[in-house]
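Chemist: make a model of this:
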Amino acid sequence: MRKMVDCRDHPSERNCTLVIAGEEEEVVRAASEHAVSVHGHADGPELREQIRSALKDEVPQHA
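Modeler: So this is what the prediction gives:
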């Protein structure tokens, strides 16, 4: 199952609305890069574990 993380679930001064979805490792990697480059977090195992614990299952969109 694909995973996702939504910046709107984590309030910030930037009011970021980015949603990242994909395979778990892809999402953790992309979200940590985003957290560092956009939100000023320090990269490391603790950040990646926080992101991993915030992952949700992606709900498929059907028309």
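Chemist: for the top helix by length along the chain, packing partners?
Modeler: Assignment by DSSP state H gives helix 24-37 as the longest helix of the chain. Secondary-structure packing of helix 24-37 (3 or more C-beta pairs under 8 Å, 6 or more residues apart in numbering; DSSP states H and E): strand 3-6, strand 19-22, helix 45-54. All C-beta atoms are positioned from the backbone trio N, CA, C, and that covers glycine.
Chemist: list the buried residues of it.
Modeler: 27-28, 30-32, 34-35 (16 or more other C-beta atoms under 10 Å).
Chemist: which of those sit farthest apart?
Modeler: Farthest apart among the buried residues of helix 24-37 by C-beta to C-beta are Val27 and Ala35. That separation is 11.9 Å.
Chemist: need the overlap of contacts for those two.
Modeler: Ile51 (C-beta atoms under 8 Å, 6 or more residues apart in numbering).
Chemist: re the thing from before, most neighbours per residue, which of the helices and strands packed on helix 24-37?
Modeler: Highest mean neighbour count among those (mean count of other C-beta atoms under 10 Å): strand 3-6, with a mean of 18.
Chemist: show the average pLDDT along it.
Modeler: For strand 3-6, the mean per-residue pLDDT is 96.
Chemist: name the residues that touch it?
Modeler: 18-24, 27, 31, 51, 54-58.
Chemist: re earlier: of the buried residues of helix 24-37, closest to His62?
Modeler: Val27 (21.3 Å).
Chemist: run the chain-centre distance for stretch 16-26.
Modeler: 5 Å (C-alpha atoms, centre = their mean, to the nearest Å).
Chemist: start to end distance for that stretch?
Modeler: The stretch stretch 16-26 measures 20 Å between its terminal residues, going by C-alpha to C-alpha, to the nearest Å.
Chemist: ok, residues contacting that stretch?
Modeler: Residues contacting stretch 16-26 (C-beta under 8 Å, 6+ apart): 2-8, 27, 30-31, 34, 38-39, 52, 55, 58.
Chemist: what average pLDDT does that stretch get?
Modeler: 96.
Chemist: about what we covered before: minimum distance to Ser12: which of the helices and strands packed on helix 24-37 has it?
Modeler: strand 3-6 (12.0 Å).
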